[in-house]
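Novice: I need the structure of the sequence given here:
(chains A and B)
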Amino acid sequence: AQSVTQLGSHVSVSEGALVLLRCNYSSSVPPYLFWYVQYPNQGLQLLLKYTSAATLVKGINGFEAEFKKSETSFHLTKPSAHMSDAAEYFCAVTGSNTGNQFYFGTGTSLTVIP
Amino acid sequence: GAVVSQHPSWVICKSGTSVKIECRSLDFQATTMFWYRQFPKQSLMLMATSNEGSKATYEQGVEKDKFLINHASLTLSTLTVTSAHPEDSSFYICSQIAGGTYEQYFGPGTRLTVT
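Specialist: Alright, predicted model coming up:
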């Protein structure tokens, strides 16, 4: 079975500060991991994905995430927060035995303080 | 990435009426699409998996007679909320699988408000 846990439903950072959004996964098969961002009343936009290639994945808008198998983690980071980063972020996992079904975390709302 | 559209983006209907939401794949054929609903400040909940030319597979707790899914072509899946009630008010999002990958592309969502 697959699942993800996002620690911290709300995260606030100052503009220019480091962004760290946490995601831990549970998977019985090698996982494929994704981070999506959602702005109000919009669909999900893919930030980045891990599909068993490089463990450090770079995505759009300056975000990156590192797959750590030993810690079963896939935390999302950005060195310097921008006001436009304020949004809801979702971590998701799927695997080769899930029929492509995604399992989403509960989401983390990021607030950027000017 | 693949482009997925949804129509309408926002709909208001009266209690007891039915509403149809369309999900279109604009640039490639999708044999499988997924339908999610999302309540305010919550995550996406998978409702059903829509397979072209066959019956949809519903998740536990989702009423298949209330949420009718039709995937009649490789580029169109529809979700019909029948006899809608205020508790059906939600944000409905569809997605499709990118061919040959595990990635899903999401539509922009449809906001349903039942009065």
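Novice: Identify the bridge partners of the residue positioned nearest the centre of chain A.
Specialist: When chain A is reduced to its mean C-alpha position, the nearest residue by Cα atoms, centre = their mean turns out to be A:Trp35, at 3.4 Å. Bridge pairing for A:Trp35 (DSSP bridges) gives the partners A:Leu48, A:Cys91.
Novice: check contacts around it.
Specialist: When contacts are counted by Cβ atoms under 8 Å, 6 or more residues apart in numbering or on different chains, A:Trp35 is found next to A:21, A:23, A:46-49, A:59, A:63, A:65, A:74, A:76, A:89-92. Backbone N, C-alpha and C define where each C-beta goes, glycine included.
Novice: let's see 10 Å
Specialist: A:21, A:23, A:44-50, A:57, A:59, A:63-65, A:74-76, A:89-92, A:105 (Cβ atoms under 10 Å, 6 or more residues apart in numbering or on different chains).
Novice: Need the per-residue pLDDT for the closest residue to B:Leu76 other than its chain neighbours.
Specialist: Nearest non-adjacent residue to B:Leu76, counting by Cβ to Cβ, 6 or more residues apart in numbering or on different chains: B:Arg24, 5.5 Å away. Looking at B:Arg24, its pLDDT is 92.
Novice: For chain A, which segments count as strands?
Specialist: Secondary structure of chain A (DSSP state E): strands located at A:3-5, A:10-14, A:19-21, A:24-26, A:31-38, A:44-50, A:56-58, A:64-68, A:73-78, A:87-95, A:103-104, A:108-113.
Novice: Quick one: list the elements packing against the longest one.
Specialist: Counting contacts by 3 or more Cβ pairs under 10 Å, 6 or more residues apart in numbering or on different chains; DSSP states H and E, strand A:87-95 is packed against strand A:3-5, strand A:19-21, strand A:24-26, strand A:31-38, strand A:44-50, strand A:73-78, strand A:103-104, strand A:108-113.
Novice: and the strands of chain A as JSON lines, adding mean pLDDT and distance to B:Gly53?
Specialist: As requested, these are arranged in JSON lines below (pLDDT from 0 to 100; distance: least, Cβ to Cβ, whole Å):
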{"stretch": "strand A:3-5", "mean pLDDT": "90", "distance to B:Gly53": "31"}
{"stretch": "strand A:10-14", "mean pLDDT": "97", "distance to B:Gly53": "44"}
{"stretch": "strand A:19-21", "mean pLDDT": "98", "distance to B:Gly53": "40"}
{"stretch": "strand A:24-26", "mean pLDDT": "92", "distance to B:Gly53": "33"}
{"stretch": "strand A:31-38", "mean pLDDT": "93", "distance to B:Gly53": "26"}
{"stretch": "strand A:44-50", "mean pLDDT": "92", "distance to B:Gly53": "27"}
{"stretch": "strand A:56-58", "mean pLDDT": "95", "distance to B:Gly53": "36"}
{"stretch": "strand A:64-68", "mean pLDDT": "95", "distance to B:Gly53": "36"}
{"stretch": "strand A:73-78", "mean pLDDT": "97", "distance to B:Gly53": "35"}
{"stretch": "strand A:87-95", "mean pLDDT": "92", "distance to B:Gly53": "23"}
{"stretch": "strand A:103-104", "mean pLDDT": "90", "distance to B:Gly53": "26"}
{"stretch": "strand A:108-113", "mean pLDDT": "97", "distance to B:Gly53": "38"}
